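Asks: Quick one, what's the 3D model for this:
(2 chains)
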Amino acid sequence: MYNKTIVCVYAQDLLCSLHSAYLATPTNLKIHHYLIFLRSFYFLEHVSYMALVGSFSFNSFLFGVLSCTGTAFLAICLWIQVNKENKKFKDLAPKRAFADFVLSNLVFHLVIMNFFDRCPSPILNVVFMSCKNVV
Amino acid sequence: MAAVESLPPGTPSAMRNAFGTVLSALILVLIGVLAFSIRLFSVIKYESVIHEFDPYFNYRVTQFLSKNGIYEFWNWFDDRTWYPLGRVIGGTVYPGLTLTAGTIWWVLNSINIPLSVETVCVFTAPVFSAFASWATYLLTKEVKGSGAGLAAAALLAMVPSYISRSVAGSYDNEAVAIFALIFTFYLYIKTLNTGSLFYATLNAIAYFYMVCSWGGYTFIINLIPMHVLLCIVTGRYSPRLYIAYAPLVVLGTLLAALVPVVGFNAVLTSEHFASFLVFIIIHVVALVYYIKGILTPKMFKVAVTLVVSIGLVVCLIVVAVLVALVASSPTGGWSGRSLSLLDPTYASKYIPIIASVSEHQPPTWPSYFMDINVLAFLVPAGIIACFSPLSDASSFVVLYIVMSVYFSGVMVRLMLVLAPAACIMSGIALSQAFDVFTGSIKYQLSSKSKDNAEDNTSTKNAPKDDASSGKTDKGEEVSKERSSKKGKKKEREPAEKLSVKSKIVKKKALVLPLEASIVALLLLIMLGAFYVIHCVWAAAEAYSAPSIVLTSQSHDGLHVFDDFRESYAWLSHNTDVDDKVASWWDYGYQTTAMANRTVIVDNNTWNNTHIATVGTAMSSPEKAAWEIFNSLDVKYVLVVFGGVIGYPSDDINKFLWMVRIGGGEFPHIKEADYLRDGQYRIDSEATPTMLNCLMYKLCYYRFVETDGKGYDRVRRTEIGKKYFKLTHFEEVFTSHHWMVRIYKLKPQKNRIRGRVKKLKQKTSSGVSSKSVKKNPWM
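Replies: Sure, this is the predicted structure:
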């Protein structure tokens, strides 16, 4: 009982310090954090959907899962490179980092388009199919 | 290099560096020419022809691609092989090599250089080996510097193990795949060193090219995670590591899943699980470092205890689920070939086909010396040199060589993966050795010439021992002298840039005496000379045989045995287009490519039962074999026989595999029936089953007519049954040296005479009641 209360207190302390430390990060980085959180959420949702319904269209499952992880990690990479406190990346201009991010996202989406095989709305379906054929 | 770049242009050291760059570019061009030309021995000695068996299949696919275009290629269903099953070429072939050669052919033809597809195919391998040596230069430059890079590139251009799979004419996947392998590793190390996302994207694209080219890409996708894990465990985690690894895994897996051969295997098979596991681990580590950065140490400890206790429970659940999933498949999710790499005894127990391929046997000790020669001695020195400053890149190269040594010990075919690692290590070792020796020589010479000058300057320098100007002057002077002597090699002894006086005390530990260094330098050069001599000999004599044309030297000159092409030409001219030819699977690719006839089994060996059917037919008596072949619509049977000229790789020597593979599927073929005292014999001591089987009869039909005694030059005995007739087959073609023999199935008789029919009915009913295991083909 005694130990449990101490752990709870510690946990509360931990959360408080995390919270305060987190508030100290500049706003532009928080955008990255929000995006990454969003992507992780969608990833979990997709995985649970597949676990419930079954992997009928493995293609679209892969598409969903990997697009989430892909854009998430790329955002992480950009975040690493843009973070001013990171000493090793001081000589990398933020514009160059962003350009790299755009390029890798481009390649990534070119690749992921090939896995796309169905879409709920028929209009969007036509659009995506034509894009896929072009690619 | 950074300090040098900041110097204004026009100063002497900048000029010397420019000279060094030009010199190294010239050396690289020469290395490329060397790599290309050392592989041309077979073209000079024989002709510009495609070698062996597998390259013929790739050549046929490239022909199809060049004729019909890429969409037909992706959707191609080949019905001229594995009759009656056919083979989906688009989904079962690694397209990298054929697409590369097809692109080169198309580009050349569109700029009006009319090279034929065959020429492009023959010369693809030497061209890509030149690229591979340039990629080795780039890779080693990232690890240790340009001097080591040049040495490694020169070594790779000539290493016999790589030459063996990339001579002009050996149009096989490894020709392109080794270049892709080294280039992917180079981009990975470059990303690790610079931390740039641009190189990470290029790395993923290079990995995609590797997946397209060769099944050995699993080596990359397991080696890189192992290296990441090693870096994390040894405390070398850094954001650059994350950027180097995470994009590769996600983009690389996606790109690998795009290649039809791999498909969903990229996420489902155990060969890729290591990469996902390490992906999760690196995220956890990154998160831990991030939280550590924003929390105080006390809070961090609390966080750790909390997370560990919760995390352990979650981990256990996930691991249990994974283990259940993996254990549900019989091989634990691994493919047969990969499993035989991990457990070398697996193939011989369960999959005799994998065990029968000679390339999959473990290598012998002499083959190491034959294939990498002098590098075997230099590799340990290189490993030590990699440790002297241990960076991420050098730890990667050490891991690479350790893993490749293990795998090359399991399968002789993987000596090819060892070759680049050995060259890199040896290049590093040689470069370091040269640095130490030449540095010693220069220092000794300069100290001898400055002995007088030193007495004057040492008195001046003594009071300003800590003054920087004197030290740097002397240091620059000595370094300039060094760069003037060896402009292309990078300096690596920072201790020698201090003042001469303090140098004397320190350098007594680093500098070798003059005579010793000169002798050592000469010995190293001699070592290199021996290596070059061995490589040229190996390329000319050992690895340039096209194996479709054989030659032998005898007292009356050079004999050329062109029997294979003679018989394939006969087949293509004297049979119908739709006729089916049955032979052992070794000759399938060549038959479809050169004779253009449908075959039953070929080198792809994807269907064990089909091969076992052919093996059973070859091991059965004539009538049973006729039944089997008739059920497969076969018209012609082809056997290879080396008894007249002494060609050892003929079908009688391969017969034991026919029996084993056939017996594995059809239990009425028992290996013991063919053995006498545990050996396969074809002389008078042979078992009756052996003397009656189809292979014996087809090989030795009319053999006595050659020399009157029936002396088989390969087995070195006279054959057992000399005079016999064939009842169900007729001989239609025997090549000039009796190497290839083609037989036609006789059509079934229209009428069986009444008495024979009644006898047959009685005997068949009598036999069936007695025999326990009935022959399913009768």
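
Asks: so how far is residue B:684 from residue B:133?
Replies: Relative to residue B:684, residue B:133 is positioned 56 Å away (criterion: Cβ to Cβ, to the nearest Å). All C-beta atoms are positioned from the backbone trio N, CA, C, and that covers glycine.

Asks: quick one: which of the two has more around it?
Replies: residue B:133 (28 against 12; other Cβ atoms under 10 Å in any protein chain shown).

Asks: would you say that one is within a strand?
Replies: No. Under DSSP: H, G, I helix; E, B strand; the rest coil, residue B:133 falls outside any strand and is assigned helix.

Asks: and it, what does it touch?
Replies: B:31-32, B:35, B:153-154, B:156-157 (Cβ atoms under 8 Å, 6 or more residues apart in numbering or on different chains).

Asks: And those residues, which of them are buried?
Replies: Among these, those scoring as buried are B:31-32, B:35, B:153-154, B:156-157 (criterion: 16 or more other Cβ atoms under 10 Å in any protein chain shown).

Asks: got TSV for those, with pLDDT and secondary structure too?
Replies: Shown next, in TSV, are the buried ones among the contacts of residue B:133 (pLDDT from 0 to 100; DSSP: H, G, I helix; E, B strand; the rest coil):
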residue	pLDDT	secondary structure
B:31	95	helix
B:32	95	helix
B:35	93	helix
B:153	95	helix
B:154	94	helix
B:156	94	helix
B:157	93	helix
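
Asks: Keep only those that also lie close to chain A.
Replies: Here nothing survives when those are matched to chain A using Cβ under 8 Å from any Cβ of the partner chain.

Asks: Quick check: closest non-adjacent residue to the residue of the stretch 501-650 of chain B found nearest chain A.
Replies: Residue of the stretch 501-650 of chain B nearest chain A, by Cβ to the nearest Cβ: residue B:606 (22.8 Å). Using Cβ to Cβ, 6 or more residues apart in numbering or on different chains and skipping residues adjacent in sequence, the residue nearest residue B:606 is residue B:92, 7.1 Å away.

Asks: What's the per-residue pLDDT of that neighbour here?
Replies: Residue B:92 is assigned 86 on the pLDDT scale.

Asks: show me where pLDDT drops low in chain B?
Replies: Across chain B, the ranges flagged by pLDDT under 70 are B:1-10, B:294-300, B:302-303, B:322, B:325-359, B:451-510, B:752-778.

Asks: swap in chain A?
Replies: Ranges of chain A meeting pLDDT under 70: A:1-32, A:34-35, A:38-39, A:42-43, A:45-92, A:116-135.

Asks: helix or strand for residue 33, which one?
Replies: No chain specified, so I'll use chain A. Using DSSP states H and E, residue A:33 falls within helix A:27-53.

Asks: let's do chain B instead
Replies: Residue B:33 is part of helix B:12-37 when elements are defined by DSSP H and E.

Asks: CA atoms of whichever helix or strand comes after that helix as PDB?
Replies: Following helix B:12-37 in sequence order, the next helix or strand is helix B:41-45 (DSSP H and E). In PDB, the C-alpha atoms belonging to helix B:41-45 read as follows (Å, rounded to 0.1, in the frame of the first residue of the first chain):
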ATOM      1  CA  PHE B  41      39.800 -14.400 -72.200                       C
ATOM      2  CA  SER B  42      36.900 -16.600 -73.200                       C
ATOM      3  CA  VAL B  43      36.000 -14.400 -76.000                       C
ATOM      4  CA  ILE B  44      39.500 -14.500 -77.300                       C
ATOM      5  CA  LYS B  45      40.100 -18.200 -76.700                       C
END
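
Asks: picking up where we left off before, what comes up buried for the helix holding residue B:33?
Replies: Buried residues in helix B:12-37, counted by 16+ other Cβ under 10 Å: B:13, B:16-17, B:20, B:24, B:27-28, B:31-32, B:34-36.

Asks: list the helices and strands it packs on?
Replies: helix B:2-5, helix B:117-143, helix B:146-158, helix B:468-485 (3 or more Cβ pairs under 8 Å, 6 or more residues apart in numbering or on different chains; DSSP states H and E).

Asks: Helix B:117-143 and that helix, what's the angle between them?
Replies: Put simply, helix B:12-37 runs at 150 degrees to helix B:117-143, going by axes from the mean of the first three to the mean of the last three Cα atoms, to 10 degrees.

Asks: quick one: the residue nearest to residue B:606 and residue B:360, what's the gap?
Replies: Separation of residue B:92 from residue B:360 (Cβ to Cβ) stands at 19 Å.

Asks: the more surrounded of these two?
Replies: Ranked by neighbour count (other Cβ under 10 Å), residue B:92 and residue B:360 place residue B:360 first, with 20 against 12.

Asks: Now that one: closest residue in space, sequence neighbours ignored.
Replies: Spatial nearest neighbour of residue B:360, excluding adjacent residues (Cβ to Cβ, 6+ apart): residue B:411 at 5.3 Å.

Asks: doesn't residue B:417 make contact with the one you found?
Replies: No. Residue B:411 lies out of contact with residue B:417 (Cβ atoms under 8 Å); the separation is 9.6 Å.
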